[in-house]
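Visitor: coords please:
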Amino acid sequence: MENNTNALAYADSMLEYAQDIKKVKEFQEEFFHVQNVLLHNQSLLIFLKSHFNSKAQRHEILDAVFAKRLSEPVLNFLKILIDKNLIFYWEKIFKRFTKGADKLSQIARGIIYSSFPMHTNQIHKIVNLLTQKLNKQIILEHRIDKNLLAGIKIVVDNYVFENSVASLLSQMTSDILK
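Guide: Okay, the predicted model is just below:
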């Protein structure tokens, strides 16, 4: 538990540093890049977490994989996580940093569910409406949900906007029971 708390403190410190040097957006993009690489290369994450590999070996791999794409502060941050044995908490660090960065930047991330593929223009229209309603920049990820009979369901922050057959049936049932 203590290491978990330490890991979150490192995420908070990195966010504070990014804010001080006015690079929150840039660092957040780099964090997303690291997350994407690690998600698609589980063997890399296993290597970075392994105590069988020296810290120097793990630093070399970080340099080989990320040096051309990451700024020096973010690359050094990853090396510190290895040195302090906190790379095990990368997922939590990533989430803490990106949520904090989103909050500072007035960004809300969410998911739009539909039973069918949606055209990019449709999603952009919905994003624009939500941006006006919530007074935040909205970033939506589209997912297909075969359980929706028709319509869409949007989850952003603590809000759920649903316009589906299931929600209409639920509303009708509620109205009938009144």
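
Visitor: Regarding I111, what is its secondary structure?
Guide: Following DSSP: H, G, I helix; E, B strand; the rest coil, I111 is assigned to strand.

Visitor: measure it to K146 for me?
Guide: For I111, the distance to K146 equals 15 Å [CB to CB, to the nearest Å]. Glycine gets a C-beta too; all of them are placed from N, C-alpha and C.

Visitor: Neighbour count: the two, which is higher?
Guide: I111 (13 against 8; other CB atoms under 10 Å).

Visitor: What residues are bridge-paired with the more buried one?
Guide: Legend: beta-bridge partners of I111 under DSSP bridges are E141, V155.

Visitor: For the strand or helix carrying K92, C-alpha coordinates in CSV please.
Guide: Element membership for K92, per DSSP states H and E: helix 90-104. What follows is helix 90-104, C-alpha atoms only, in CSV (Å, rounded to 0.1, in the frame of the first residue of the first chain):
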residue,chain,number,x,y,z
TRP,A,90,2.5,2.4,-14.1
GLU,A,91,-1.2,1.9,-14.8
LYS,A,92,-2.2,3.8,-11.6
ILE,A,93,0.4,6.5,-12.2
PHE,A,94,-0.9,6.9,-15.8
LYS,A,95,-4.5,7.2,-14.7
ARG,A,96,-3.7,9.6,-11.9
PHE,A,97,-1.6,11.9,-14.1
THR,A,98,-4.0,11.9,-17.0
LYS,A,99,-7.1,12.5,-14.8
GLY,A,100,-5.3,15.4,-13.2
ALA,A,101,-4.1,16.8,-16.5
ASP,A,102,-7.7,16.5,-17.9
LYS,A,103,-9.0,18.4,-14.8
LEU,A,104,-6.5,21.2,-15.3
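
Visitor: buried set for it?
Guide: 90, 93-94, 96-98, 100-102 (16 or more other CB atoms under 10 Å).

Visitor: what is the mean pLDDT for it?
Guide: Helix 90-104 shows a mean pLDDT of 96 in the predicted model.

Visitor: Tell me the gap between it and the middle of its chain.
Guide: Offset of helix 90-104 from its chain centre (CA atoms, centre = their mean, to the nearest Å): 7 Å.

Visitor: Give me the helices and strands touching it, please.
Guide: Under the contact criterion of 3 or more CB pairs under 8 Å, 6 or more residues apart in numbering; DSSP states H and E, helix 90-104 touches helix 2-20, helix 24-40, strand 107-114.

Visitor: For the second one, name the packing helices and strands.
Guide: For helix 24-40, the helices and strands in contact under the criterion 3+ CB pairs under 8 Å, 6+ apart are helix 2-20, helix 42-49, helix 55-66, helix 72-83, helix 90-104.

Visitor: so for it, what's the average pLDDT?
Guide: Here the average pLDDT along helix 24-40 is 97.
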